[in-house]
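**Student:** heads up, no residue letters with this:
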């Protein structure tokens, strides 16, 4: 009787193993019959992404047919974007799903096409394809025919121009930058160490700074008038740290020499006088080692109240005009750094020595 039971158990075990083997074999021999072809939108669909529109509004809906593997099974889909003409050599994964459609809002689609290689504010083409797979290991891939959409993306970075010149070897790619106040504005400004001749240079369509791009210089009168043709170099004399303004629509520019200091109840001389900050050409920052006590302070330019008065930090952590900063640390000696090298995104730090 015991031998019969053992034989029965062994038979059931072998049937189970055989059944599992058959299931595994079925999964391994799935027969790809057709990829999930894209049905909407059609190739050539064109649109401009608007940075001023609600960024959560839908921008693109992609729809495709189900891929066919000849047996009922769950299918996963990856949607890939690539710059047209690159043959998906470096595709960007724009989304994954088990459904037959995907929707991107303005913010998502803008990020996807920028990641795929398109330049902001320039019309460009993106190829889109759907890659279907089955199983947890993503086996048996099938790839749809690609469609092409035409998109003009944007960037949330402030518009910038560069200031190449004698102060840095006339190299546009490493020149300091000025930033405009917002999209579409041409009121560029920033702080730069200048020494002799310089010009203003616009980026090309990819955002790069090169000779051959649009550039502006002085009209020869040295009265703050910019021209594109027959220009001469603008001149900073003497060498020094300047607040530089340029309007490439109004065709005007101005420079103001600025020496920066720290002032306030937290400093050794209180509100009576500034402690000067020293410019470092390597780090492009201003700094000083100073004894501080708890209390208010701010950064002031040219030892006077007026245009240069940084004492407020906005929600993004950048210094703004007006108000007072507060030092809340213990009394002691500190290294204070004022960083004005990133136009319109000014910061500071206080570190104990």
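**Tutor:** That came in fine, so what should we check first? Every value quoted in this text rests on a predicted model; they were computed, and no experiment measured them.
**Student:** show me the helices in the stretch 1-150 of the chain, by range?
**Tutor:** 2-28, 106-116 (DSSP state H, counting those that start in this stretch).
**Student:** looking at those, which has the lowest confidence?
**Tutor:** Among those, helix 2-28 carries the lowest mean pLDDT, at a mean of 41.
**Student:** which element, helix or strand, includes residue 262?
**Tutor:** Counting by DSSP states H and E, the element that carries residue 262 is strand 260-263.
**Student:** please name the residues that touch residue 252.
**Tutor:** Neighbouring residues of residue 252 by Cβ atoms under 8 Å, 6 or more residues apart in numbering: 224-226, 245-246. Glycine gets a C-beta too; all of them are placed from N, C-alpha and C.
**Student:** so what pairs up with it in the strands?
**Tutor:** residue 225, residue 247 (DSSP bridges).
**Student:** report the separation between it and residue 209.
**Tutor:** Look at residue 252 and residue 209: by Cβ to Cβ, to the nearest Å, they are 21 Å apart.
**Student:** repeat that for residue 249.
**Tutor:** Noted for residue 249: a distance of 19 Å to residue 209, by Cβ to Cβ.
**Student:** compare the two (neighbour count), which wins?
**Tutor:** Between residue 249 and residue 209, counted using other Cβ atoms under 10 Å, residue 209 has the larger neighbour count: 21 against 9.
**Student:** isn't that one right next to residue 171, touching?
**Tutor:** No - look at residue 209 against residue 171 with Cβ atoms under 8 Å: they stay out of range, at 9.1 Å.
**Student:** who touches both of the two?
**Tutor:** residue 164.
**Student:** excluding its backbone neighbours, what's nearest residue 67?
**Tutor:** Excluding its sequence neighbours, the residue lying closest to residue 67 (Cβ to Cβ, 6 or more residues apart in numbering) is residue 132, at 3.7 Å.
**Student:** and for residue 192?
**Tutor:** In space, residue 192 is closest to residue 176, 4.6 Å off (Cβ to Cβ, 6+ apart).
**Student:** show me the contacts for the one you found.
**Tutor:** By Cβ under 8 Å, 6+ apart, the contact list for residue 176 reads 162-163, 168, 190, 192-193, 284, 341.
**Student:** tell me what the nearest residue to residue 332 once chain neighbours are set aside is bridged to.
**Tutor:** Once flanking residues are discounted, residue 332 sits nearest to residue 352: 6.1 Å by Cβ to Cβ, 6+ apart. Residues in a beta bridge with residue 352, per DSSP bridges, are residue 334.
**Student:** and residue 352, how many neighbours?
**Tutor:** 10.
**Student:** so it sits against residue 333, correct?
**Tutor:** Yes - counting by Cβ under 8 Å, residue 352 touches residue 333, with 7.5 Å between them.
**Student:** which SS state does residue 167 fall under?
**Tutor:** Secondary structure state of residue 167, per DSSP: H, G, I helix; E, B strand; the rest coil, is helix.
**Student:** now do the SS call for the closest residue to it other than its chain neighbours.
**Tutor:** With sequence-adjacent residues excluded and distances taken as Cβ to Cβ, 6+ apart, residue 167 is closest to residue 195, at 4.4 Å. Here residue 195 takes the strand state, with states given by three-state DSSP.
**Student:** what is the burial count for residue 195?
**Tutor:** Residue 195: 15 neighbours (other Cβ under 10 Å).
**Student:** for it, what are its contacts?
**Tutor:** Residue 195 is in contact with 165-167, 236, 239, counting by Cβ under 8 Å, 6+ apart.
**Student:** how about the strands in the stretch 1-150 of the chain?
**Tutor:** Under the criterion DSSP state E, counting those that start in this stretch, strands of the stretch 1-150 of the chain are mapped to 38-40, 46-48, 58-64, 75-83, 92-97, 101-105, 124-134, 139-143, 147-152.
**Student:** can you flag the weakest of those by average pLDDT?
**Tutor:** Ranked by mean pLDDT, the strands of the stretch 1-150 of the chain bottom out at strand 139-143, with a mean of 87.
**Student:** buried stuff in that one?
**Tutor:** Buried residues in strand 139-143, counted by 16 or more other Cβ atoms under 10 Å: 140, 142.
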